[in-house]
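*Asks:* just coords:
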């Protein structure tokens with residue numbers, strides 16, 4: 001099993017910044033990617049960003065949702081088994097519960113191995 005603990009959510013005004021952290025423990029070898037997803041009220045959960053480890057230093061891949069490109073940055077500290085999401089120039093439409101996920105990515109198949117508890121991000125105009 002994988003345990004994921006998130007931190008860093010909160011309330012900010014539009015244009016502000018927040019940094020989310022997600023610390024993983026447990027079956028670390030069962031996943032090769034960490035992602036951030038979000039779910040706004042009445043909407044489906046969507047991918048925000050995912051970082052996939054290729055096993056070769058500095059050669060992993062990163063995927064962003066079009067709506068956050070240029071504003072959000074995902075990173076991962078493998079030594080700490082921790083992923084980060086730096087969110088800049090936040091907009092009211094970024095308001096949602098943000099979830100960290102440990103994913104197993106093989107070619108185009110993605111399997112969610114574990115989920116964090118979720119952290120609320122609220123952006124006011």
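*Replies:* Yes, it's here. Here the structure is a predicted model, which means the values were calculated and not measured.

*Asks:* Residue 11 - how many residues pack around it?
*Replies:* As a burial measure, residue 11 scores 12 neighbours (other C-beta atoms under 10 Å). C-beta coordinates here come from the backbone N, C-alpha and C atoms, glycine included.

*Asks:* What residues does the residue nearest the centre of the chain make contact with?
*Replies:* By C-alpha atoms, centre = their mean, the chain has its centre lying nearest to residue 36, at 2.0 Å. Listed by C-beta atoms under 8 Å, 6 or more residues apart in numbering, the contact partners of residue 36 are 20, 22, 47-50, 74, 83, 85, 98-101.

*Asks:* Check the gap between it and residue 81 for me.
*Replies:* Separation of residue 36 from residue 81 (C-beta to C-beta, to the nearest Å) stands at 15 Å.

*Asks:* hang on, the earlier thing: which one among the contacts of residue 36 gets closest to residue 121?
*Replies:* Nearest to residue 121 among these, counting by C-beta to C-beta, is residue 98 at 5.4 Å.

*Asks:* any low-confidence regions in this protein?
*Replies:* Scanning the chain for pLDDT under 70 picks out 55-59.

*Asks:* ok now do residue 80, which residues does it touch?
*Replies:* Contacts of residue 80 (C-beta under 8 Å, 6+ apart): residue 23.
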